[in-house]
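Colleague: Quick one, what's the 3D model for this:
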Amino acid sequence: MIKLSLTDLLDISSARGIKKERTIKKIKSREEYNPAHDFYKQLRQNIISFHKNNDGEDMDPQEILANVSNRKKLPHYFAALNGYTQWLNHENYRWFEPPRDMYNNNGVNVIINPELGLRSNEGGIIIKLYFKNDPLSKFGADAITHLMEIQLRPVIHENIRMAVLDMRRAKLYFYDEKAIVKQIIDAELALIANIWDLAA
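Modeller: So this is what the prediction gives:
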């Protein structure tokens, strides 16, 4: 069974022509997940820890980054966190544990793993964090939020919205119902399945 992250799906879907096969080959041939090679793992964990322990307080980037020992990561962490605090610090959210699941179609499993569940008086948001330098495309945002909506809605109250946050640009994209998006995702997964065995 082919297993992809949401980031993998975005990387493959954004590649054109022969680059799509190369992207699939790179994903297929990489080693098993190793936390030591997860560049943004510590920042993700620090953000989650902050929300679990500091409901309603403003986030101080210096505190979040205080225990990051790898100096090469700091510029990237700071750029992402700066955008995140710009978005966050005018809101008043309370933490809840977001659900996780997996979307399957055409023999491909896509892991649905949002990092944050944040409640407010108006409802709440389940958020997938996007860390990359390149801006999140509109289709990328639609694909992520649609898969979250499909898989997580059955276990989430109707007043909780699905979203993805482009951290560096402090831009939050909410789920916007478009039937064509699921059809495009499923077509992409079928293409991935067909190319997977050829990408030796």
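Colleague: Quick check, central residue of the chain?
Modeller: Among the residues of the chain, the one closest to the centroid is residue 128, at 3.8 Å (CA atoms, centre = their mean).
Colleague: Please settle this for me: is that one part of a strand?
Modeller: Yes - under DSSP: H, G, I helix; E, B strand; the rest coil, residue 128 falls within a strand.
Colleague: after the worst-scoring helix or strand of the chain on mean pLDDT comes which helix or strand?
Modeller: Of all helical and strand segments in the chain, the minimum by mean pLDDT, DSSP states H and E falls on helix 61-65, at a mean of 80. Scanning forward in sequence from helix 61-65 by DSSP states H and E, the next helix or strand is helix 74-88.
Colleague: For the helix or strand following that next one, name the packing helices and strands.
Modeller: Downstream of helix 74-88, the next assigned helix or strand under DSSP H and E is strand 94-95. Secondary-structure packing of strand 94-95 (3 or more CB pairs under 8 Å, 6 or more residues apart in numbering; DSSP states H and E): strand 116-120. The C-beta positions use only the backbone N, C-alpha and C, and glycine is treated the same way.
Colleague: quick one: buried residues of the strand it packs on?
Modeller: 116, 117, 118, 119 (16 or more other CB atoms under 10 Å).
Colleague: just to revisit the earlier point, beta-bridge partners for the residue nearest to the centre of the chain, please?
Modeller: residue 164 (DSSP bridges).
Colleague: measure it to residue 1 for me?
Modeller: From residue 128 across to residue 1, the span is 22 Å (CB to CB, to the nearest Å).
Colleague: repeat for residue 26
Modeller: From residue 26 to residue 1 the distance is 19 Å (CB to CB).
Colleague: These two: which is more packed in?
Modeller: residue 26 (13 against 6; other CB atoms under 10 Å).
Colleague: model confidence over the host helix or strand of that one, on average?
Modeller: Residue 26 belongs to helix 18-29 when elements are defined using DSSP H and E. Averaged over helix 18-29, pLDDT sits at 90.
Colleague: Strand 116-120 and the very next helix or strand once past it, what's the angle between them?
Modeller: Heading C-terminal from helix 18-29, the first helix or strand you meet, by DSSP H and E, is helix 41-53. On the basis of axes from the mean of the first three to the mean of the last three CA atoms, to 10 degrees, helix 41-53 is oriented at 30 degrees to strand 116-120.
Colleague: leaving aside the residues next to it on the chain, what's closest to residue 91?
Modeller: Distances taken as CB to CB, 6 or more residues apart in numbering place residue 120 nearest to residue 91, at 6.8 Å, with adjacent residues excluded.
Colleague: and that neighbour, what are its bridge partners?
Modeller: In beta-bridge terms (that is, DSSP bridges), residue 120 pairs with residue 123.
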